[in-house]
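Peer 1: how would this look folded up:
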Amino acid sequence: MMFYTVTIKPRGVVPVGALEWRIKEDVPTNMLAVKKASEEKGELIRTRQEARLAAAELEEQMKPKRAAKSQWAFEADETLEAYMARARREQ
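Peer 2: Here you go, the predicted structure:
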């Protein structure tokens, strides 16, 4: 629920009836404008949050997948040349 308070401090003689009528006419219009603006802001926030989530999901999907560990054990400096030299030594 929302409450709306109007405080008026007139500077001199004011036709209270006319002023009261004008405020009474404007309050519903103002309240509808506040409602519309808050709903639009809420929708904008939801849209931005959804866009951030979608971007994060896309970024996660685009990350390179880690290769599964090989069943073969390799030396860190192993090359074809090192392999061939070891094979020659073993012969």
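Peer 1: state which helix of this structure is the longest.
Peer 2: helix 16-62 (DSSP state H).
Peer 1: where's Ala18 relative to Ala55, distance?
Peer 2: When distance is defined by C-beta to C-beta, to the nearest Å, Ala18 is 55 Å away from Ala55. C-beta here means a position set from N, CA and C on the backbone, and glycine is covered the same way.
Peer 1: centre of the chain versus stretch 79-90, how much separation?
Peer 2: Remark: stretch 79-90 is offset 56 Å from the chain centroid, using C-alpha atoms, centre = their mean, to the nearest Å.
Peer 1: what residues of it count as buried?
Peer 2: Residues of stretch 79-90 classed as buried by neighbour count (16 or more other C-beta atoms under 10 Å): none.
Peer 1: any idea of the mean pLDDT for it?
Peer 2: The average of the pLDDT scores along stretch 79-90 is 80.
Peer 1: kindly export it (C-alpha atoms) in PDB.
Peer 2: The C-alpha trace of stretch 79-90 is given here as PDB (Å, rounded to 0.1, in the frame of the first residue of the first chain):
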ATOM      1  CA  THR A  79      59.300 -34.500 -27.600                       C
ATOM      2  CA  LEU A  80      59.500 -36.800 -30.700                       C
ATOM      3  CA  GLU A  81      63.200 -36.200 -30.700                       C
ATOM      4  CA  ALA A  82      63.600 -37.200 -27.100                       C
ATOM      5  CA  TYR A  83      61.400 -40.300 -27.700                       C
ATOM      6  CA  MET A  84      63.500 -41.300 -30.700                       C
ATOM      7  CA  ALA A  85      66.800 -40.900 -28.800                       C
ATOM      8  CA  ARG A  86      65.400 -43.000 -25.900                       C
ATOM      9  CA  ALA A  87      64.300 -45.700 -28.400                       C
ATOM     10  CA  ARG A  88      67.800 -45.800 -30.000                       C
ATOM     11  CA  ARG A  89      69.400 -46.200 -26.600                       C
ATOM     12  CA  GLU A  90      67.100 -49.000 -25.600                       C
END
